[in-house]
Structure formats: C-alpha cells, structure tokens
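*Asks:* just a sequence and a predicted model for now, questions to come.
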Amino acid sequence: MTDSAASSDLPKWTFGDSPELADRLAALIVAGVKTASCSEASIDEPPVEGERGYLMSGDGRPVAILETQTVTRMKFADMTQELAALEGEGDLSLDYWQRAHRDYFTRAGVFAEDMDILFETFRLVDVLDSDFAAKAADHLAQERAGATQ
C-alpha cells in the first residue's frame, strides 16, 4: 500500500477493544468468515450503509477496505443464530456470540440485556496488507480451536 492511499479521506475502523482483539477480528474479516459486526447503538459515529473505510490492525495499520452493506437496529436479546454466525467468531453459535458480546459490552460499561445494538453487515472490498492476509488462516484456526476449549 502506498502512503497516499493511507492518507485518503476514508474513515479508519478498528474492531474490538484491544490490539489483540483488533488483530483477531481483522484476520477473520480478511479470511472471509466475518461479514458482520455490532456496536452499542448510541456510538458517536454509527455505521452508514454504502460507506467505505479502512480496516485497521491492532497496531494501527490499514489491512483492508470494507464497505458497509446493511445497518439494523435491534435489541441485544433479539440476536439470532443466523446473524450471530455472520460475525464469524468462536464456534459461530448464538451462545458464543452472547458470551463474547456480553463480556465486551460489560468491559465498555454499557451492557444490558435490553440494550439497543446496531448490527452491521459489510463486504471486503480489497486486501491491502498481503503479510497480514497470509496469517489470516492461522488466526482462523486458532479462533475455531479456542472456541472448543
């Protein structure tokens, strides 16, 4: 990737709340198994359908370009198995999704069973970091192995 591409006007999106989680989730996206995410509904910059942005690694490097496809407001408690699987995390189950996101939103100090979330689907437009992409399959294998422990 060129420096001029890194300085474009696209927003920079980091998933998760730590560098390790950001790398893990970015790798799942680059591997093609994570096509959705969710956020607390009152975030400052909610996702916008059709918007493109840089997917950032845990150390702040742009690794891909994503495009938001859909944004749906819903209750945390109304998550379905089908939607949870689109997030590509753990063993793809609703149970895993509930535990992981309950922990995440609790760390952020916003969790409530009846909280509103924004469920977003996106597509991978372009991979910008071939070194990061080369490691995505290893991240995916660790993700699936860790979900069974």
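*Replies:* Looks like it came in fine.

*Asks:* next structured bit after the longest helix anywhere in the chain?
*Replies:* Counting residues, the longest helix found in the chain (DSSP state H) is helix 94-107. Sequence order places strand 116-127 as the next helix or strand after helix 94-107, per DSSP states H and E.

*Asks:* list the buried residues of that next one.
*Replies:* 117-122, 124, 127 (16 or more other C-beta atoms under 10 Å). To be clear about C-beta, it is placed using only N, CA and C from the backbone, and glycine gets the same treatment.

*Asks:* wait, which of the residues you listed is closest to Trp13?
*Replies:* Distance to Trp13 across the buried residues of strand 116-127 (C-beta to C-beta) is lowest for Phe122, with 9.0 Å.

*Asks:* surely that closest one meets Ile65?
*Replies:* No - counting by C-beta atoms under 8 Å, Ile65 is not a contact partner of Phe122; they are 10.2 Å apart.

*Asks:* thinking again about what came up before, helices and strands around the longest helix of the chain, which ones?
*Replies:* Counting contacts by 3 or more C-beta pairs under 8 Å, 6 or more residues apart in numbering; DSSP states H and E, helix 94-107 is packed against helix 81-86.

*Asks:* restrict the helix it packs on to CA atoms and write it as PDB.
*Replies:* C-alpha atoms of helix 81-86 as PDB (Å, rounded to 0.1, in the frame of the first residue of the first chain):
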ATOM      1  CA  GLN A  81     -28.300 -17.800  15.500                       C
ATOM      2  CA  GLU A  82     -28.200 -16.800  11.800                       C
ATOM      3  CA  LEU A  83     -27.000 -13.300  12.500                       C
ATOM      4  CA  ALA A  84     -24.500 -14.400  15.200                       C
ATOM      5  CA  ALA A  85     -22.900 -16.800  12.700                       C
ATOM      6  CA  LEU A  86     -22.300 -13.900  10.300                       C
END
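
*Asks:* what packs against that helix?
*Replies:* Under the contact criterion of 3+ C-beta pairs under 8 Å, 6+ apart, helix 81-86 touches helix 94-107.
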